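Enquirer: The following comprises the amino acid sequence and a computationally predicted model.
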Amino acid sequence: VAFFAEQEAACPGLIDELVRAGAAQLTTECAGQVVYRQEDASVSLFGVVSGSVGLYMRGDKVYRLTPRGEADTEPTSTLTEARSRRDEAAEEEDEEDVCLVADSPRSASASTAASATRYRTCEGQGTFSGRSKLGKRAQVVRAGGVLREQALVQGVARSASAKCLEDTTFVVVGFPEYQAAMAELERRRAFFDERLPGMREFAPESGHAHPSTIASARTLRQGERLLVQGIAASEPAVFLVDRGVLELQRYRRNSANPAYVLASRPLHASSWKSSLASCERPMTGIAGSTGGAETGRGEHLERDMWDKAAEGDILCTLAALPLPGIEPFTAEVVSRSARLFVLSGSALGALHPKVLKQLRAHLAEQLARRLHRLPECQAAPSSIADSGRSKSLPSLSAQPANARGLHTSLGQ
């Protein structure tokens with residue numbers, strides 16, 4: 001639908017946000033169904049995927065819209081829903097029992113009653129019947145068009161009535177959901193501008209996308225781990241904490257870490273579950289580990305908290321710096337949940353070069369401060385921070401093709 005393409009061009013990420021929030025729905029309405037009435041309050045945006053819709057406008061003459069008094073109660077269904085029920089009922093009947101008396105007086109009476117039956121509009125703001133006067137047809141909207149999108153954007157009353165000329169499929173986006181998606185994209189953009197190092201160097205005219213539009217969102221539950229000590233991350237990735245709290249932890253003893261233990265022992269439950277074992281239960285599915293399995297000697301399994309990451313803080317894999325090696329910390333969610341913005345794979349490589357350079361320098365300095373606190377690192381100075389500022393620091397584009405071709409998003 002052209003309107004959505006234009007809105008996406010003006011506000012990148014809008015379609016993804018609408019889909020993520022479940023705000024866009026596909027629906028098919030039958031011929032004759034009124035989508036909305038003139039002067040109804042705007043509730044939804046209707047993009048025509050297939051079929052056609054007529055737009056009707058009243059002139060100076062004031063029409064009596066929907067005949068009143070013919071029904072004792074307000075309509076509870078649309079014309080589409082009523083026809084669907086009739087079709088289902090007709091399929092259940094035997095053809096021999098179906099009697100069509102088109103020329104009988106009762107048929108004319110039934111036709112009159114049917115024309116007076118009232119139905120709800122698709123938006124539910126009004127009603128209509130076969131006698132409703134919608135005005136003169138002013139326009140036909142076909143596939144790819146949108147029904148009066150200006151009413152949705154401005155939140156004004158409908159300036160025309162819309163009726164399906166044939167069976168028509170729409171993509172429907174509610175007005176509140178549309179506004180919420182726009183507000184979320186604006187909030188996300190401001191969040192990145194404030195929290196992501198190097199954004200002062202970002203130049204939209206350079207042709208690079210704003211980081212907020214290429215970052216994916218990922219939600220983790222309490223206890224889930226983003227990084228695992230002793231395991232090398234499979235791709236370069238940067239994580240910006242939108243909400244929630246994560247702890248950066250280290251095992252007190254290397255022998256308590258299943259990543260180290262299973263690196264030198266058979267991938268079997270006895271390697272970590274026996275009475276002599278002292279390591280924590282590995283992830284479910286590894287070396288016979290199941291969700292209900294117990295660990296080895298629990299009194300030795302505590303991990304020390306070395307740092308915390310809360311709203312606005314940034315974490316990364318070593319590969320994002322880029323540095324080889326296994327992760328020195330485990331990053332675990334300690335709040336009820338945590339929502340992160342993720343720049344990984346090709347998205348990280350698509351950052352403006354100046355933004356990427358400053359981001360890497362910030363992350364390298366942050367990592368150096370954490371490592372300097374470790375007993376094994378306090379005796380020897382680290383050059384990590386210096387390497388983060390180095391002009392010769394290799395970029396992601398210089399990595400092997402097989403490294404660049406990994407997952408495009410950790411959220412998948």
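Expert: Received the coordinates, thanks.
Enquirer: Tell me where the model's unsure across the stretch 1-150 of the chain.
Expert: 1, 60-75, 90-115, 148-150 (pLDDT under 70).
Enquirer: mind listing the helices for it?
Expert: 2-10, 14-20, 79-92, 105-116, 149-154 (DSSP state H, counting those that start in this stretch).
Enquirer: residue boundaries of the helices in the stretch 301-412 of the chain?
Expert: 346-349, 353-372, 375-378, 384-389, 401-404.
Enquirer: which residues does the closest residue to residue 119 other than its chain neighbours contact?
Expert: Once flanking residues are discounted, residue 119 sits nearest to residue 79: 4.4 Å by CB to CB, 6 or more residues apart in numbering. Every C-beta, even on glycine, is put in place using the N, C-alpha and C of the backbone. Listed by CB atoms under 8 Å, 6 or more residues apart in numbering, the contact set of residue 79 reads 30, 32, 33, 34, 119.
Enquirer: mind redoing it with 10 Å?
Expert: 29-34, 117-122, 128-130, 163-164 (CB atoms under 10 Å, 6 or more residues apart in numbering).
Enquirer: ok, now residue 340?
Expert: Contacts of residue 340 (CB under 10 Å, 6+ apart): 215-220, 226, 237-244, 246, 309, 314-315, 333, 410-411.
Enquirer: Same check on residue 329?
Expert: By CB under 10 Å, 6+ apart, the neighbours of residue 329 are 226-230, 247-250, 303, 305-307, 315, 367, 370-371, 374.
Enquirer: distance of residue 215 from residue 348?
Expert: Look at residue 215 and residue 348: by CB to CB, to the nearest Å, they are 9 Å apart.
Enquirer: I should have written residue 207 there, sorry.
Expert: 17 Å.
Enquirer: Tell me which of those two has more neighbours.
Expert: With neighbours defined as other CB atoms under 10 Å, residue 207 and residue 348 compare such that residue 348 has more, 25 against 7.
Enquirer: My read is that that one contacts residue 341, right?
Expert: No: checked against CB atoms under 10 Å, the pair residue 348 and residue 341 is beyond contact range at 11.8 Å.
Enquirer: Pull up the overlap in contacts between the two.
Expert: 211, 214, 215, 238.
Enquirer: which ones among the residues you listed are found in strands?
Expert: residue 238 (DSSP state E).
Enquirer: The shared contacts of residue 348 and residue 341: which two are farthest apart?
Expert: Largest separation among the shared contacts of residue 348 and residue 341 by CB to CB: 214 and 238, giving 11.6 Å.
Enquirer: List the residues that are in contact with both of these two.
Expert: Joint contacts of residue 214 and residue 238 (CB under 10 Å, 6+ apart) are 341, 343, 347, 348, 351.
Enquirer: Go through the residues you listed and name the one nearest residue 140.
Expert: So of these, ranked by how close each gets to residue 140 (CB to CB), first place is residue 347, at 41.9 Å.
Enquirer: And for that closest one, the neighbour number?
Expert: By other CB under 10 Å, neighbour count at residue 347 equals 20.
Enquirer: What sits closest to it if chain neighbours are left out?
Expert: Per CB to CB, 6+ apart, closest to residue 347 is residue 214, 4.5 Å.
Enquirer: How about the contacts made by that neighbour?
Expert: Contacts of residue 214 (CB under 10 Å, 6+ apart): 12, 13, 208, 341, 343, 346, 347, 348, 350, 351, 408, 409.
Enquirer: beta partners for the nearest residue to residue 315 once chain neighbours are set aside?
Expert: Excluding its sequence neighbours, the residue lying closest to residue 315 (CB to CB, 6+ apart) is residue 239, at 4.5 Å. With DSSP bridges as the criterion, residue 239 is bridged to residue 315, residue 342.
Enquirer: what's the pLDDT at residue 239?
Expert: Looking at residue 239, its pLDDT is 97.
Enquirer: My read is that it contacts residue 312, right?
Expert: No: assessed by CB under 10 Å, residue 239 is found out of contact with residue 312, at 11.8 Å.
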